[in-house]
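Asker: I would like to see how this sequence folds:
(2 chains)
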Number of protein chains: 2
Amino acid sequence: MQSGTNLPRVRDYNQGVVLDAIRVGSGISRVEIAEHTGLTAQTVSNIVRRLLDEGLVIEDGVDPSGRKPRVKLWLNSGARYAVGALLDRDEIFMALVGLDGRILARAHRPVDQQQGAMGVVSQIVLATDLLVSESGVPRNKLVGFGLGCPGPMDHDKGVLYEPLDLFGLNWHAVEIKEALQQQMGVPVIVDNDATAAAIGERWLGGRQRSRNFAFVFMGIGGIGAGFFIENQIYRGDTTNAGEIGHMTLNPEGPECFCGSRGCLELYSAPSSLLKTIRQRLQQGEKSSLPLAGLTFAQVGQAAQEGDQLALEVIQNSARMLGFGLISLVNLLDLRLIVLGGRYMGYVAPFYQAEIQKIFNQRLLTRNVRGVDIETSIAGEDAGAVGAASLVFHELFSARLTELRLVP
Amino acid sequence: MQSGTNLPRVRDYNQGVVLDAIRVGSGISRVEIAEHTGLTAQTVSNIVRRLLDEGLVIEDGVDPSGRKPRVKLWLNSGARYAVGALLDRDEIFMALVGLDGRILARAHRPVDQQQGAMGVVSQIVLATDLLVSESGVPRNKLVGFGLGCPGPMDHDKGVLYEPLDLFGLNWHAVEIKEALQQQMGVPVIVDNDATAAAIGERWLGGRQRSRNFAFVFMGIGGIGAGFFIENQIYRGDTTNAGEIGHMTLNPEGPECFCGSRGCLELYSAPSSLLKTIRQRLQQGEKSSLPLAGLTFAQVGQAAQEGDQLALEVIQNSARMLGFGLISLVNLLDLRLIVLGGRYMGYVAPFYQAEIQKIFNQRLLTRNVRGVDIETSIAGEDAGAVGAASLVFHELFSARLTELRLVP
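Answerer: As a prediction, the model looks like this:
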């Protein structure tokens, strides 16, 4: 059965809607907010008054005509702060972020997976302490910590599950939220890295990211997706939606660590590309790329300089990702795909071109409407900013499902 | 930007929630409705009074204790009627349905695609007239007509687009809603066949279908899916979500009419199975199946009787569908898959067993939680009942997105 709603829920929701409008429309007037949200001028005015009192919003710019309603509103970046960390297989990326998504400080640390999950937790706690104290941000304005990492997980409980390709396989259920929260003393949110990146992209992206989209997030070994659907983040029934990297592209293909075969990320993840290039170099193929110490940045640069091996491997990867995205778009009917993650910067134009080509040929709805393929506004920071944004999203965003009386 | 909400929207939504509770909990009391929906007793009481006045709901069964609130409530099946039609490549299936999803009358007609879309429209209009007049249902209680058919389409405008594998390819955009509405004189809703089937399954299925699920709908030549996500039907950005039949299972596979290659339905649709069996019979393979006039019902029956060819072909089809569903569940994280459509009845146990096996081996979240695979409650009527339910769903269901002031 479904849940009803009531006035207090509606008040919270409408406050989220107004805050959302101020974030997206940065420099928006009360009149414009009313136009865009459908709320009455009186409701908007009451909510804005409350947001000003709480210091979440600032007003500026006296209108030439002198009429108050044209005063412009912005999020108050310094009103609240959050720290986010993206946990990848080899490194932790961290960011201290203001309420409007602005980055105040960054850090990154290599991860020694031998130390196990609780060792990684201690490492994160220390690094967060350092980041905050060096920035000079007042502790009492730090409203939470967000962690983005690969799944599967229970986002609500903050527990990581097997067959997570992180920390090895001797961990059955890592209660990472609980552990972080105890040591940090602020609320902690744990989410899928790609979901976090999608939330960050939207929080940071203003008007450009106010539509529904899938954020395709590329880590070193994995590919995930975060979805905004009907203006709401979509996490699925067990909060494990978006595992685009484990779509089956070839049922008889090579084995994946996840237990399946022919998964997309076996063909398209940066680590797979590096493996293929090393193999082909060992077979004596001509290329400007070195066999020893090969990095993905080098591959991207070599492709830009016309290296045939680099180009071919990237295009194959992009083609396979494109086929996965055909299935995704045919299933979810999205109009925008955002490509991001720390490795996408090097290769984005190649991916965009190849995927667009495949969409034009193969998408079922190609005669109804096109799908845009864009790169992340957050760039290489997408993961860490996304993780920090989890906190703001939880506290301040307008979520339709929160209107419901029974969760 | 997002839209706010207001009191009138909330009232409509809560009325939908209460009607939903009465439908799902058929024989539910006011007190129980309040418990399940989170609404106050007073709100529930007011809404029920309104529903009784409109005749949508009936109350019955005096409580032994004599306390009014324990009186039980049901949907009034005869309060409203709708006609639904499922348009498949070879036949039209129709049903006249009461408000609670009960079928009053059925009809089916072969489709002559040579007559073109407008010929099919005339055929549907005549058949609907006959169905209603023969049933003796009063015309003024017929609140609408629903059509389910394969996509791509624009559900809102009721326009069918290429590369629709129906009516041939000489139609670029069939304005079928407009055409039907003009000739019928009642509101018409056009939707994807699988989406309609999902809505029908939920409308009819009471408690058993009150969870999120994907309805996998098998037509003669195509496979589609309809999604309930967060208790809401999900149609996607251009109302073309759910095209599971066009997921890429082999990027280098055979060409599909849709323009892509290696689509799931090329391996798993009933027409593909019939083709494979005919080829193998022509190559002299031993089987109890006839080469001439082979039907899918015969294949299903032969499999049940242990015919090796039938079994093998069905299992291959089920395996490929299973791989597609692995991708679907890894993307959307659903807990229930409902298999249905007019061909599923013959083969459902084989499909269930095979898909369950693949899920146990390959699903990324298999250590988090299982996924149930069930067959449709509506059975062979899923398509037609689903189409009729489109009308009731539009008029009476609680839709979160309808809370929004700006569409």
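
Asker: Which residue is the nearest non-sequential neighbour of residue A:179?
Answerer: With C-beta to C-beta, 6 or more residues apart in numbering or on different chains as the criterion, residue A:179 has its nearest non-adjacent residue at 4.8 Å, and that residue is residue A:121. C-beta here means a position set from N, CA and C on the backbone, and glycine is covered the same way.

Asker: For that neighbour, identify the helix or strand it belongs to.
Answerer: helix A:116-135 (DSSP states H and E).

Asker: what's that helix packed up against?
Answerer: Helix A:116-135 is packed against strand A:81-87, strand A:91-98, strand A:103-110, strand A:142-149, helix A:176-184, with contacts defined by 3 or more C-beta pairs under 8 Å, 6 or more residues apart in numbering or on different chains; DSSP states H and E.

Asker: Swap in 6 Å and give it another go.
Answerer: Here helix A:116-135 touches strand A:91-98, strand A:103-110, helix A:176-184, going by 3 or more C-beta pairs under 6 Å, 6 or more residues apart in numbering or on different chains; DSSP states H and E.

Asker: OK, now which residue of the stretch 101-250 of chain A is nearest to chain B?
Answerer: Using C-beta to the nearest C-beta, the single residue of the stretch 101-250 of chain A nearest to chain B is residue A:236, 2.5 Å away.

Asker: any idea of the pLDDT on that residue?
Answerer: Reading off the per-residue confidence, residue A:236 sits at a pLDDT of 92.

Asker: where does the residue nearest to residue A:299 when sequence neighbours are not counted land in three-state SS?
Answerer: Ranked by C-beta to C-beta, 6+ apart and with sequence neighbours excluded, the top spatial neighbour of residue A:299 is residue A:310, at 5.1 Å. Three-state call for residue A:310 (DSSP: H, G, I helix; E, B strand; the rest coil): helix.

Asker: what separates residue A:310 from residue A:295, distance-wise?
Answerer: The span separating residue A:310 from residue A:295 equals 12 Å under the rule C-beta to C-beta, to the nearest Å.

Asker: try residue A:268
Answerer: Here the distance between residue A:268 and residue A:295 works out to 17 Å (C-beta to C-beta).

Asker: Then residue A:244?
Answerer: Here the criterion is C-beta to C-beta. By it, residue A:244 lies 24 Å from residue A:295.

Asker: Show me the one of the helices and strands packed on helix A:116-135 that comes nearest residue A:253.
Answerer: Closest to residue A:253 of the helices and strands packed on helix A:116-135, according to C-beta to C-beta: strand A:91-98, at 28.6 Å.

Asker: Check which helices and strands the closest one sits against.
Answerer: When contacts are defined as 3+ C-beta pairs under 6 Å, 6+ apart, strand A:91-98 packs onto strand A:81-87, strand A:103-110, helix A:116-135, helix A:382-396.

Asker: Please state the offset of the third one from the chain centre?
Answerer: Read that as helix A:116-135. What separates the centre of helix A:116-135 from the centre of its chain is 21 Å, taken as C-alpha atoms, centre = their mean, to the nearest Å.

Asker: Make sure residue A:57 is actually in contact with residue A:73.
Answerer: Yes. Residue A:57 lies in contact with residue A:73 (C-beta atoms under 6 Å); the separation is 5.5 Å.

Asker: Now do the shared contacts for these two.
Answerer: Any residue near both residue A:57 and residue A:73 by C-beta atoms under 6 Å, 6 or more residues apart in numbering or on different chains counts here, and that gives residue A:22.

Asker: The two: which has the busier surroundings?
Answerer: A side-by-side neighbour count of residue A:57 and residue A:73, using other C-beta atoms under 10 Å in any protein chain shown, places residue A:73 first with 26 against 22.

Asker: Who does that one form a beta bridge with?
Answerer: On the basis of DSSP bridges, residue A:73 is bridged to residue A:28, residue A:59.

Asker: rewinding a little: ok, now how distant is the residue nearest to residue A:299 from chain B?
Answerer: Here the criterion is C-beta to the nearest C-beta, to the nearest Å. By it, residue A:310 lies 22 Å from chain B.

Asker: same question, residue A:8
Answerer: When distance is defined by C-beta to the nearest C-beta, residue A:8 is 11 Å away from chain B.

Asker: circling back to that earlier point, out of residue A:244 and residue A:295, which sits in the busier spot?
Answerer: Shown here are residue A:244 and residue A:295; by other C-beta under 10 Å, residue A:244 has more neighbours (28 against 14).

Asker: so who does that one touch?
Answerer: With contact taken as C-beta under 6 Å, 6+ apart, residue A:244 is in contact with A:223, A:225, A:324.

Asker: hmm, 8 Å instead?
Answerer: For residue A:244, the set of contacting residues under the criterion of C-beta atoms under 8 Å, 6 or more residues apart in numbering or on different chains consists of A:194, A:214, A:216, A:223-225, A:264, A:324-325, A:328, B:330-331.

Asker: what do you get for residue A:26?
Answerer: Contacts for residue A:26 were tallied using C-beta under 8 Å, 6+ apart; they are A:74-75, A:100, A:206.

Asker: and if you look at residue A:407?
Answerer: Applying C-beta under 8 Å, 6+ apart, one finds that residue A:407 lies in contact with residue A:3.

Asker: Name the helix or strand for it, please.
Answerer: Assignment of secondary structure by DSSP H and E places residue A:407 within no helix or strand.

Asker: Can you read off the backbone torsions of residue A:376?
Answerer: According to degrees, to the nearest 10, the main-chain angles of residue A:376 amount to phi -60, psi 140.

Asker: To what extent is residue A:357 buried, counted in neighbours?
Answerer: Residues near residue A:357, counting by other C-beta under 10 Å: 13.

Asker: What helix or strand is it located in?
Answerer: Remark: residue A:357 resides in helix A:344-362, with elements defined by DSSP H and E.
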